[in-house]
Each structure stands twice: as C-alpha cells, then as structure tokens.
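> give me the fold of what follows.
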Amino acid sequence: MTTAGSMDAIEALADKAEATFRGLVIDKRRLPMSQLQKRGVPAYVGEWLLDTLVPGRGLLTPEEAQKVREWAARYIPGPGDQEIIKHRLLQGETIKVLTPLQVEVNLNRGTRYGKLSLLGIYDAAISEDLPTLYPDLLRQGMWGVIELVNTGDGVAIQSFRPMQATINVRLFKEARRAFTRDEWLRLMLISMGYAPEAFTEAEQILLLARLLPLVQKNLHLIELAPKATGKSYFFENISPRVRLVSGGNVTPAVLFVNNATGQWGLLARYAVVVLDEVQTLKFERPEEVVGGLKGYLANGKLTRGGLHETSSDCSFVMLANIRLDENQHPIVNRVLVEHLPQFLQETAFLDRIKGLLPGWKIRKLSKDAFATSVGLKADFFGDALLALRDDLEIDQYCARRIRLRGARPYTRNEGAIQAIAAGMMKILFPHGEVTDWEFEHYCVAPARELRQLVWDQLYQLDGEYRQWDYRIDCDII
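Next comes the predicted model:
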C-alpha cells in the first residue's frame with residue numbers, strides 16, 4: 001500500500017524529472033488512458049503523439065481524451081482501411097496518415113521508393129533528398145506523419161514529418177548528477193513503464209538488466225520467464241531500432257542476408273533483434289541458422305555462404321517461456337535451456353551468449369506493477385540508451401577493474417562479466433561516478449549472476465567445460 005510519505009517521494013521525483021529533462025518526460029498514466037496502443041501504435045510513437053497533441057502532466061481530461069481519439073480515428077489507419085485509403089487516393093484526395101515508412105533502393109532501375117506496409121503500398125514515389133535527410137529510412141524505417149497523393153502514375157509521398165527525439169548524450173549524463181542513486185534507479189524503472197514500489201530491489205535490478213542489449217553493442221542474452229512478466233512488451237515499445245520477431249518463419253535470409261537480392265537481414269539493420277517465444281518459432285534450415293549465429297555472436301561478422309560479408313553491432317536476444325512449480329522454481333528435467341529448440345542448445349552456441357536473465361525471479365505483472373508517475377518519454381529514453389553504446393570509457397573502466405580469480409578461470413566468462421557490468425554502469429551511473437560498493441553491488445554482482453547461469457548450462461551439457469572453475473569469482477582491482 002502506498003503511504004503518504006511514499007506519495008510525497010513520488011511527487012518529488014516527478015518534479016525533479018520534469019525540471020531536469022523539461023519537455024522530455026511524460027506522465028506514464030496518459031498513454032494507457034489514450035487507448036492509442038489498441039490501434040497498433042507502439043509506446044514510443046504514442047507518447048510522442050500525446051506530447052504533441054495534449055502536452056501536460058496528470059491524468060488525461062475527458063476533453064484531451066476526446067481530442068486524441070478524434071485525431072487517431074482520422075489519421076491512424078486500421079487493418080481494414082487499406083482499400084478505403086487507396087480508393088480515396090484514386091478519387092484525387094490528399095491522404096494524411098501516421099504510419100511507418102521504409103525506403104528501398106533498386107540499383108538496376110536507378111530508383112528509390114517508399115514502402116508503407118500497413119497501407120499495402122510498396123512502391124510510393126519519394127523525393128531524392130528524403131533518404132539523405134533521414135538515413136534511418138534506409139535501415140529499419142521511421143514512423144511519421146505522411147501526406148500521400150495519387151499522381152496518375154502511382155502513389156507519391158508529398159511530405160514526411162518524422163517523429164524523432166533530440167538526444168544529447170552528454171546532457172543526459174550530466175542530468176544524472178541531479179539525482180541520487182535510488183532516485184535514478186526509480187526513474188529508469190518508471191521510464192520502462194514499471195512502478196518501482198511494486199518490486200523488490202533484486203527484481204528491480206533484473207528488470208533493469210532488460211536494458212543491457214540497448215546500451216551495449218553485441219551483448220547477447222537469453223531470458224527465461226513465465227508468461228505475463230512483460231518481457232516482450234518492453235522490447236516492442238522502446239525504440240524503432242529494436243525489432244521483435246514474434247511468430248512466423250525465421251530463415252537465414254531474414255536474419256543474415258538474402259543471397260538472391262543482396263538485401264541484408266535483421267541483424268544488419270537493427271540495433272537489437274529479439275526472438276520472442278523462441279520455442280514456438282519455425283526455423284528454416286536450422287543448421288544454417290545456428291552456424292551463422294555462432295559466427296556472428298563470436299565476432300560480429302555477418303555472412304552467408306561467403307557471398308556477402310559485413311559487420312554489425314546488433315545485440316541478439318532470445319525470449320522463452322518457462323514453467324514454474326508451486327514454489328515458483330523452474331520445472332526442468334535436465335537444464336534450463338531445454339526450453340529452447342534443440343539446435344539452439346549446442347554448447348558452442350550457448351557459450352557465445354553473454355548472460356541468462358532469470359525472469360522467473362520477477363513477479364508476474366499485476367495492475368499495481370505499472371508506472372503511475374512521470375518518466376522519460378519512450379522515444380527519448382530509447383534513443384538515450386542506444387547512444388550510450390558509444391561510451392567506451394565505461395567499457396574500458398570495467399575491463400581495467402574486473403578480473404576473474406581462481407585456479408582455472410575461463411577467459412570468455414571474464415569478457416562477458418566485463419560487458420554486462422559496463423552495461424549496468426551505463427544504465428545506473430552513466431556519468432561515470434560510482435563507489436566501490438555500488439560498482440560491486442549494482443554492476444559486478446548482477447553480471448556474475450547472469451553469466452553464472454550460462455556457465456551452469458555449459459558445465460552440465462559438455463564435459464569439456466569442466467576443466468575450468470565451476471564457480472565464477474571476480475576481483476575488483
């Protein structure tokens with residue numbers, strides 16, 4: 001139960017966040033009240049739209065809610081509106097819609113065109129300077145407000161107003177100094193959409209660990225958790241540079257490169273690729289998939305059959321459901337990774353995964369678990385986290401300070417712990433100021449836990465790994 005004292009602390013943090021970040025925060029209650037996500041709009045778009053249409057703090061008023069609903073009904077197309085929109089274009093109307101846009105280039109024809117998948121339009125004419133102004137249109141695409149016209153020769157994009165946050169990572173780091181450690185931790189959780197007071201400190205740290213693939217390049221994770229812990233919801237709503245693959249057929253062409261067309265796959269075009277409910281996905285040519293993943297996870301190189309090669313810093317995440325017993329412990333016959341498809345249980349593949357996040361230790365989400373206060377807007381928050389990838393000073397700091405100890409330490413464990421610890425430091429201490437106790441408690445200890453769970457699987461599955469120490473211990477120097 002929330003007390004008067006805790007309410008005062010929540011309000012004080014909201015005031016400080018608003019004063020420090022000004023127009024980059026939002027009351028997290030406003031998006032659920034708007035019903036925008038029922039129209040297929042992710043949180044990073046919905047919160048941007050709310051701040052544009054009805055800026056302010058507190059619950060949406062009936063008048064504000066009505067304004068948002070009317071705007072959404074007019075400009076956000078539903079799944080059954082494709083032919084209606086095409087008909088209106090044929091009638092000579094100029095159509096204005098909020099939708100994602102991606103640009104593709106055909107070198108053989110010397111053309112570039114816009115793809116509006118939600119509208120069923122895949123060859124819209126665009127201006128030559130549009131992809132130059134917004135290079136992300138050529139990568140993963142961008143959301144924005146688009147004006148469409150029918151020229152007689154086809155559909156053309158007359159104007160494009162992208163939704164984009166302004167991110168200055170130096171100012172973001174400086175803003176950290178305005179908050180105590182506990183205030184910043186709470187602000188990060190609220191920005192993710194969680195109510196900090198609903199979780200224990202151990203659960204809070206595990207929730208923050210879901211941010212690791214965003215702040216660290218090539219940081220590959222597995223999360224095993226029961227249903228209703230919000231693992232896929234977070235990734236789907238944090239950034240357009242994060243791609244959640246849920247259902248369907250996963251092929252080498254989708255992940256790596258299409259050798260027939262030369263088009264690069266998801267791992268080359270996104271910052272984070274997440275396979276949701278991986279145990280239910282259908283993998284085409286699984287041997288080729290795991291072979292390509294082993295090479296990529298080891299060295300960041302993408303190739304397929306030697307025909308094409310490029311490097312990528314995309315982080316790869318696998319989410320899988322896990323069954324629990326009455327004591328909320330995993331029900332397993334052999335090892336935790338038995339919940340993955342058989343071909344992904346190969347130890348040479350698992351060894352390249354930096355950490356295993358024990359999502360079963362996070363309570364299932366109830367209505368009290370969702371944020372009810374002011375946090376960073378999702379579009380700004382996601383961009384800020386991704387910008388921290390380039391902060392190599394923290395990576396170097398952790399590489400200098402963390403060393404494995406023991407009679408037979410395994411080198412790859414050390415690299416994984418250094419990378420995870422650096423990620424946790426970027427999340428909680430982006431300004432680089434951390435005490436030895438904070439570094440151990442909030443950075444090194446979680447890193448050790450996540451890597452130890454991977455090491456446990458390797459130790460049980462393959463006797464080759466038993467020549468090294470079982471327990472992972474670190475010295476902080």
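
> who's in contact with stretch 247-257?
245, 259-260, 263-268, 273, 275-277, 280-285, 288-289, 292-293, 296, 302-304, 307-308, 310 (Cβ atoms under 8 Å, 6 or more residues apart in numbering). In this view, the C-beta of every residue, glycine as well, is placed from N, C-alpha and C.

> need the pLDDT of residue 446.
With respect to pLDDT, residue 446 scores 98.

> that's a helix at it, yeah?
Yes: checked against DSSP: H, G, I helix; E, B strand; the rest coil, residue 446 lies within a helix.

> contacts only, for it.
205-206, 209, 420-421, 424.

> and the residues you listed, which are buried?
Listed as buried from the contacts of residue 446 are 205-206, 209, 420-421, 424; burial here means 16 or more other Cβ atoms under 10 Å.

> find the pair from those with maximum spatial separation.
The most widely separated members of these are 206 and 421, with 15.0 Å between them, by Cβ to Cβ.

> residues in contact with the strand or helix carrying residue 397?
Take DSSP states H and E as the rule and residue 397 turns out to sit in helix 392-401. For helix 392-401, contacts defined as Cβ under 8 Å, 6+ apart pick out 418-419, 421-422, 425-426, 430, 432, 439, 443, 476-477.

> got it, and stretch 180-199?
2, 6, 13, 16-17, 28, 43, 176, 179, 204, 207-208, 210-211, 230, 233-234, 237-238, 362-363, 366, 368-376, 378, 381, 427-429, 438, 442.

> hmm, try it at 6 Å
The list of residues contacting stretch 180-199 from outside it, by Cβ atoms under 6 Å, 6 or more residues apart in numbering, reads 13, 17, 207, 368-371, 373, 375-376, 381.

> buried subset of those residues?
For the contacts of stretch 180-199, a neighbour count by 16+ other Cβ under 10 Å gives the buried set as 13, 17, 207, 369-371, 373, 375-376, 381.

> any idea which of the residues you listed is closest to residue 161?
Nearest to residue 161 among the buried ones among the contacts of stretch 180-199: residue 381, at 21.2 Å, using Cβ to Cβ.

> what kind of secondary structure is the closest residue to that closest one other than its chain neighbours in?
Excluding the flanking residues, the one nearest residue 381 by Cβ to Cβ, 6 or more residues apart in numbering is residue 191, at 4.7 Å. At residue 191 the chain is in helix, as set by three-state DSSP.

> any idea how far residue 191 lies from residue 379?
Noted for residue 191: a distance of 11 Å to residue 379, by Cβ to Cβ, to the nearest Å.

> neighbour count winner among those two?
In this view residue 191 and residue 379 are compared by other Cβ atoms under 10 Å, and residue 379 has more residues nearby, 28 against 25.

> residues in contact with the helix or strand hosting that one?
Using DSSP H and E, residue 379 falls within helix 378-387. For helix 378-387, contacts defined as Cβ under 6 Å, 6+ apart pick out 24, 43-44, 47-48, 165, 167, 169, 172, 191, 211, 214-215, 238-239, 271.

> quick one: which of the residues you listed is nearest residue 410?
residue 215 (24.8 Å).

> give me the distance between the closest one and residue 315.
From residue 215 to residue 315 the distance is 9 Å (Cβ to Cβ).

> could you do residue 64 as well?
Taking Cβ to Cβ, one finds residue 64 at 37 Å from residue 315.

> more crowded one of these two?
Remark: of residue 64 and residue 315, residue 315 carries more neighbours, 26 against 19, as counted by other Cβ under 10 Å.

> buried sites along stretch 92-111?
95, 97-104.

> and it, how far from the chain's centre?
26 Å (Cα atoms, centre = their mean, to the nearest Å).

> and if you look at stretch 289-304?
21 Å.

> got a list of contacts for it?
Stretch 289-304 is contacted by residues 218, 220, 252, 256-257, 259, 267-268, 283, 309-312, 343, 348-349, 352 when judged by Cβ under 6 Å, 6+ apart.

> quick check on these: which are buried?
218, 220, 252, 256-257, 267-268, 283, 312, 349, 352.

> among those residues, which one sits closest to residue 358?
Nearest member of these to residue 358, counting by Cβ to Cβ, is residue 220, at 16.3 Å.

> which residues touch that closest one?
Counted by Cβ under 6 Å, 6+ apart, residue 220 has contacts 297, 316, 353-354.
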